[in-house]
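**Q** Got a sequence here, can you build the structure:
(chains A and B)
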There are 2 protein chains.
Amino acid sequence: MNPDVVTTLTISLPDWLNERLAAPIWIQGDEARMRFVIDLAHENVARRTGGPFAAAVFRSDDGRCVSAGVNSVMRLNSAVLHAEVVALMFAQARVGSYTLRVADASYELVTSCEPCAMCLGAILWSGVRRLVCGAARSDAERIGFDEGPVFPESYAYLERRGITVVHHVLRAEAAEVLDWYLRSGGVVYNG
Amino acid sequence: MNPDVVTTLTISLPDWLNERLAAPIWIQGDEARMRFVIDLAHENVARRTGGPFAAAVFRSDDGRCVSAGVNSVMRLNSAVLHAEVVALMFAQARVGSYTLRVADASYELVTSCEPCAMCLGAILWSGVRRLVCGAARSDAERIGFDEGPVFPESYAYLERRGITVVHHVLRAEAAEVLDWYLRSGGVVYNG
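**A** So this is what the prediction gives:
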């Protein structure tokens, strides 16, 4: 075996996030769920475990938190590990299916910032029925993060595929975490 | 610890692909690289380890194959594990950086089919300088795969960020693997 070929990748959450998720969590309502997610984004900055973004997957019916993710790009040296991708991967692992569009429940993704082009696509394939966003694309771009080719038509495409999209839930609070990341010397990486 | 919370994900390649990559590989030229990638897509169907898509990352200068990926959505129950995402994740792990835009070399992604919306975004963040595509979006859609919100402006966005895009390299051969997947009873999953 060629010694520098990598044959397995391991994706872990920060320890503090595993501790937060150790006991079951139920949260009802978009604002309360967004507050939970914004707090995770804040914690990811405070603990210096990644960029100022967090997301979580909830069961729509009972509000059970199925998974949560924080930006892990720098921590795990992997550009795809945005908060939304991490949350969706862990949700699918927990449900045991590559799609969350399953018979017994309906799932939604709550994210602290409108998704970049990659995450918007990942959301489309994930099987979630609803997407709830905090900060706006322009809030992330203001501090230097590129959001990629996302257009009004991109959201229309999601809606046509049966995904309801809600924007600007607690936008100011979500955007404040972004600004704080920049002020605290966080690295604004891009491809 | 809540017993059904997942705390670690493991991403592996199929055994046959690890065997193929065990010895170093150098390939020069777009067509030869595409032929390698199309063969991996074909093998992924033949071995029933996933969908009819493959991708690989090469060093632009010496043609060294840094990583390869095949569609692993159903095998690993994870909707984000398209061939391009898998190849980029393994390339970044091998290079040890979340961006392939590093000082000592320039990298490119060769993919058997034009990327979906998610993969196009992942390519933007990956740091590759060049993207080479085989089959067209319409070839994948013809057999029922959704490609998501990718528009001419999406490719223009990549080009503006310094990524050269080449389309339709060995398109007919690449599309033939897609058609064969459908004929052989492969599952066309979507979100």
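**Q** Can you spell out which helices and strands pack onto the strand or helix carrying A:Met89?
**A** Following DSSP states H and E, one finds A:Met89 within helix A:83-95. On a contact count with 3 or more C-beta pairs under 8 Å, 6 or more residues apart in numbering or on different chains; DSSP states H and E, helix A:83-95 meets strand A:54-59, strand A:65-70, strand A:107-113, helix A:117-126, strand B:8-12. (Glycine included, C-beta is placed from N, CA and C.)
**Q** Looking at the ones you listed, which is nearest to A:Arg183?
**A** strand A:107-113 (16.9 Å; C-beta to C-beta).
**Q** Do you know the pLDDT at A:Val5?
**A** Listed pLDDT for A:Val5 reads 75.
**Q** who's in contact with it?
**A** Contact analysis of A:Val5 by C-beta atoms under 8 Å, 6 or more residues apart in numbering or on different chains lists B:18, B:21-22, B:94.
**Q** Three-state assignment for it, please.
**A** Here A:Val5 is recorded as coil under DSSP: H, G, I helix; E, B strand; the rest coil.
**Q** Give me the neighbour count for the closest residue to A:Glu173 other than its chain neighbours.
**A** Excluding the flanking residues, the one nearest A:Glu173 by C-beta to C-beta, 6 or more residues apart in numbering or on different chains is A:Ile38, at 5.5 Å. By other C-beta atoms under 10 Å in any protein chain shown, 24 other residues sit near A:Ile38.
**Q** Looks to me like A:Ile38 is in a helix.
**A** Yes - the assignment for A:Ile38 is a helix, going by three-state DSSP.
**Q** Check it and give its pLDDT.
**A** At A:Ile38, pLDDT is 98.
**Q** list the contacts for it?
**A** A:54, A:112, A:134, A:170, A:173-174, A:177.
**Q** Restricted to helices, list those residues.
**A** Judged by DSSP state H, the subset of those located in helices is A:173-174, A:177.
**Q** Mind putting those into a markdown table with pLDDT?
**A** What follows is the ones in helices among the contacts of A:Ile38, written out as a markdown table (pLDDT from 0 to 100):
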| residue | pLDDT |
| --- | --- |
| A:Glu173 | 98 |
| A:Ala174 | 98 |
| A:Val177 | 98 |
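**Q** which of those residues lies closest to A:Tyr98?
**A** Nearest member of the ones in helices among the contacts of A:Ile38 to A:Tyr98, counting by C-beta to C-beta, is A:Ala174, at 28.9 Å.
**Q** Specify which member of the ones in helices among the contacts of A:Ile38 is nearest to A:Val73.
**A** Out of those, the member with the shortest distance to A:Val73 (by C-beta to C-beta) is A:Val177, at 16.2 Å.
**Q** correct me, but that closest one touches A:Asp39?
**A** No - between A:Val177 and A:Asp39 there is no contact under C-beta atoms under 8 Å: 9.0 Å.
**Q** Find the residue ranges of chain A scoring beneath the pLDDT cut-off.
**A** The model of chain A has pLDDT under 70 over residues A:1-3, A:191.
**Q** So for the spatially most central residue of it, what's the nearest residue that isn't a sequence neighbour?
**A** Centroid check for chain A by C-alpha atoms, centre = their mean gives A:Glu84 as the closest residue, at 2.5 Å. Nearest residue to A:Glu84, sequence neighbours excluded (C-beta to C-beta, 6+ apart): A:Cys119, at 4.0 Å.
**Q** A:Tyr107 too?
**A** Computed as C-beta to C-beta, 6+ apart, the closest residue to A:Tyr107 that is not its neighbour in sequence is A:Leu100, at 4.2 Å.
**Q** The one you found is in contact with A:Leu124, isn't it?
**A** No - look at A:Leu100 against A:Leu124 with C-beta under 8 Å: they stay out of range, at 11.8 Å.
**Q** Which single one of the contacts of A:Ile38 is nearest to chain B?
**A** Using C-beta to the nearest C-beta, A:Ala54 comes nearest to chain B of the contacts of A:Ile38, at 16.5 Å.
**Q** thinking again about what came up before, against A:Phe90, how distant is the residue nearest to A:Tyr107?
**A** 11 Å (C-beta to C-beta, to the nearest Å).
**Q** related to what we said a few turns ago, between the helix holding A:Met89 and strand A:107-113, how big is the angle?
**A** Here helix A:83-95 points in a direction 160 degrees away from that of strand A:107-113 (axes from the mean of the first three to the mean of the last three C-alpha atoms, to 10 degrees).
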